[in-house]
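K.L.:
Structure of the sequence below:
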Amino acid sequence: MAKAVKLADIAEIVGVSTVTVSKALSGQKGVSEEVRERIRQVADNLGYKQPSTVKKNQPNRSYNLGVLISERFLDKYESFYWQMYQSVATKATAKECFTMLEVISIDDEEEGRLPKLVQERKVDGIIVIGNVTDGYLKVLNSDSGIPIIYLDYYNGREASDSVISNSYYGTYELTNYLYRMGHRKIAYVGTLLATESITDRYFGYRKALLEHGLEFREEWLIDDRYIETGKIDVVNMLKLPKDMPTAFVCNCDLTASMLIKKLEEEGYRIPQDISVVGFDNYLYPGLSDVKITTYEVDIKEMARRAIHNIVKKISNDSYKPGVTVVEGRLVYKESVARV
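P.N.:
Down below sits the predicted model:
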């Protein structure tokens, strides 16, 4: 199959930026007619295919939406993003849009290969669910020429047009709840910088400690995964501290379930001896006999906001990019006891 023509290919020949090429081909302002015509000629000569759209000024039109997820987040037990994709597809249908899922392989992500959906110009916009590398983000943003929304991920560099849950407030509330239950020695489980959400959740936890004047110890900051791959590895990464806390705040329910299993293997009872809280309120069935107190992520509302934003962005309907934060709620279950 012939290599798909990228915006960068056109930009190089014309001697302009990919942003200018994108504006010229989509009819946006800010490009002179002379340059616009030159760009169109080069695009035609190279065989560039426009995204599969009809004219944007048609009312109530439907769009083809690509959904991208890195394969790093689709292991057997990490099905949270499958549920998120289902919500996105459902909300898209309600907007008379169609979704196409493409899983980005680790090799494609590392080598910066554009998704097939983009190469073949099959979609009008993209929703990226979860974390991808900065290098891959740069490729998407510079070469796709298609509006992009990031769901459950943001950073201040390449992914700044996002819909996220309130990770910071969630762990802040979870830690406050543990404090109200009498806990004063509270640890955090999650590898900092592995994802933005894990780091945000750590800062929410630390804020609560500071406000209550609680001690923080370095050994109470416990890794659960590798930064490079994002893979959770409880056996090699999750090391219990010598001075055990009375409670653990975990960055997700999957980590919480694995921690509970490890604690039980060491002879601790949950919650009689140790309390554990998670995040997401989503766990693969059968992973934990203990029902985990957690902060529920409002997946349906996040999906609705993502679809709303991408449709507005595609149609240029007075769209203003930024970070949309969706609130969740505490869900009280069986994994916390009063001390």
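K.L.:
Helix or strand: which one has Ser318?
P.N.:
Assigned by DSSP states H and E, Ser318 belongs to neither a helix nor a strand.
K.L.:
cool, and Tyr85?
P.N.:
Using DSSP H and E, Tyr85 falls in helix 80-94.
K.L.:
Keeping just the C-alphas, turn that helix into CSV.
P.N.:
Extracted C-alpha coordinates of helix 80-94, given in CSV (Å, rounded to 0.1, in the frame of the first residue of the first chain):
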residue,chain,number,x,y,z
PHE,A,80,-11.3,0.2,32.6
TYR,A,81,-10.6,1.7,29.2
TRP,A,82,-12.8,-0.9,27.4
GLN,A,83,-15.7,0.4,29.6
MET,A,84,-14.7,4.0,28.8
TYR,A,85,-14.7,3.2,25.0
GLN,A,86,-18.1,1.7,25.3
SER,A,87,-19.4,4.8,26.9
VAL,A,88,-17.8,7.0,24.2
ALA,A,89,-19.4,4.8,21.5
THR,A,90,-22.8,5.1,23.1
LYS,A,91,-22.6,8.8,23.5
ALA,A,92,-21.4,9.2,19.9
THR,A,93,-24.4,7.3,18.7
ALA,A,94,-26.7,9.6,20.6
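K.L.:
which helices and strands sit right next to it?
P.N.:
strand 64-70, strand 98-104, strand 125-129, helix 299-315 (3 or more Cβ pairs under 8 Å, 6 or more residues apart in numbering; DSSP states H and E). Using the backbone N, CA and C atoms, a C-beta is placed for each residue, glycine as well.
K.L.:
how far does the helix or strand bottoming out on mean pLDDT in the chain sit from the chain's center?
P.N.:
Every helix and strand in the chain was compared by mean pLDDT, DSSP states H and E; the lowest is helix 18-26, with a mean of 77. With Cα atoms, centre = their mean, to the nearest Å as the basis, helix 18-26 stands 27 Å off its chain's centre.
K.L.:
Give me the angle between it and helix 299-315.
P.N.:
80 degrees (axes from the mean of the first three to the mean of the last three Cα atoms, to 10 degrees).
K.L.:
relative to helix 18-26, how tilted is the next helix or strand after helix 18-26?
P.N.:
Using DSSP H and E, the helix or strand that follows helix 18-26 in sequence is helix 33-46. With the same axes, to 10 degrees applied, the angle from helix 33-46 to helix 18-26 works out at 90 degrees.
K.L.:
Which elements pack onto helix 33-46?
P.N.:
Helix 33-46 makes packing contacts with helix 7-14, helix 18-26 when contacts are defined by 3+ Cβ pairs under 8 Å, 6+ apart.
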